[in-house]
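In: pasted the sequence and its predicted model underneath.
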Amino acid sequence: MDIGEMLSYAFIQRALIAGSFISVLCATLGVLLVLRRFSLIGDGLAHVTFGSVALGLVLKVNPLYASIPVVVASSLGILKLTQRARIYGDAAIGIVSSLGIAGGVLLASVAGGFNVDLFSYLFGNILSISTGDVVTAISVSLIVLLTIYFYYHEIFSLTFDEEFAKASGINAERISALIVMLTALTVVLTMKIVGIMLTSALLILPAVTAFQVARGFRNAIIIASAVSLLSVLSGIVLSFFLNLPTGASIVIINFLFFIFMFTCKNIRARMAR
């Protein structure tokens, strides 16, 4: 079987389209989160997604629709804990994350234990997404990316100098809330690609890879998006031909890109001496 024949399958087409949009989305948000030292929020919200998926399965509704309001509310909860309760970001993430896992385990127990559906969400299966999932992925990706575009200057200022941003009249609390809500939507979408357990990797790895060679904020977003896109597309193709788990393949390829960029940076630094 060749690439042309592979592309003739509808499920491959759906996976490539949805994966392309979500990969760029994750990379863009990942750059913002890593620079703000808030990258682990993706991991924390992924654990909350586990609980919301279990809730959706118990209520017999689409887990995607059950997850969006729960995870968005949890993201705002993390932000409020850091702002009002004087708790550091990592501690706030840990609190909400543990509640999400505990809630998921309780709901799974009520539903009669862990089943195949919940297991598939844990480790992802982009090759099984439906046409409706593709439409949702494209719609939410465009909404999030356009929001970042329109608030680019405010987000840029807040990312690099929060005190200056506040002095300039930027509503830092509102912009921070906007960023965490966009992250929540992204985490919910990403669970279909790499699964709940590997979601944070798709947010963090392309960003830290880009930072090895990027010169400037825009340049970092472009490089991270390219790395993320190539990782997702090649991961889908590799998993199809070699019969490997798609989510894990995407993450491993992302990591290989990081190793490559890190090595290039070190070689360039040695040559400059």
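Out: Cool, got the structure.
In: for G103, see how far away R14 is.
Out: 31 Å (Cβ to Cβ, to the nearest Å). To be clear about C-beta, it is placed using only N, CA and C from the backbone, and glycine gets the same treatment.
In: one more: I138?
Out: I138 is 30 Å from G103, by Cβ to Cβ.
In: neighbour count for the two, which is higher?
Out: G103 (18 against 15; other Cβ atoms under 10 Å).
In: tell me the confidence at that one?
Out: With respect to pLDDT, G103 scores 84.
In: for whichever strand or helix holds it, packing partners?
Out: Per DSSP states H and E, G103 falls inside helix 89-110. Secondary-structure packing of helix 89-110 (3 or more Cβ pairs under 8 Å, 6 or more residues apart in numbering; DSSP states H and E): helix 41-59, helix 63-84.
In: which one of the ones you listed lies nearest to L238?
Out: helix 41-59 (23.2 Å; Cβ to Cβ).
In: the closest one versus helix 89-110: what angle between them?
Out: Relative orientation of helix 41-59 and helix 89-110, computed by axes from the mean of the first three to the mean of the last three Cα atoms, to 10 degrees: 20 degrees.
In: i'd like the first residue to be 38 from this point on
Out: Happy to do that; since the first residue is 38 now, the last one works out to helix 78-96.
In: now helix 78-96: buried residues?
Out: 78-94 (16 or more other Cβ atoms under 10 Å).
In: what is it packed up against?
Out: helix 47-72, helix 100-121, helix 126-147, helix 153-160, helix 209-227, helix 236-248.
In: now the angle from the third one to helix 100-121?
Out: Relative orientation of helix 126-147 with respect to helix 100-121: 150 degrees, computed using the same axes, to 10 degrees.
In: next: the longest one.
Out: Orientation check (the same axes, to 10 degrees): helix 47-72 against helix 100-121 gives 0 degrees.
In: for helix 47-72, packing partners?
Out: helix 40-44, helix 78-96, helix 168-187, helix 189-197, helix 209-227, helix 236-248, helix 254-279.
In: among those helices, which is nearest V61?
Out: Using Cβ to Cβ, these put helix 254-279 closest to V61, at 4.6 Å.
In: I'd like to check the angle between the closest one and helix 168-187, please.
Out: Going by the same axes, to 10 degrees, helix 254-279 makes 160 degrees with helix 168-187.
In: in helix 254-279, what counts as buried?
Out: For helix 254-279, using 16+ other Cβ under 10 Å, the buried residues are 254, 257-266, 268-277.
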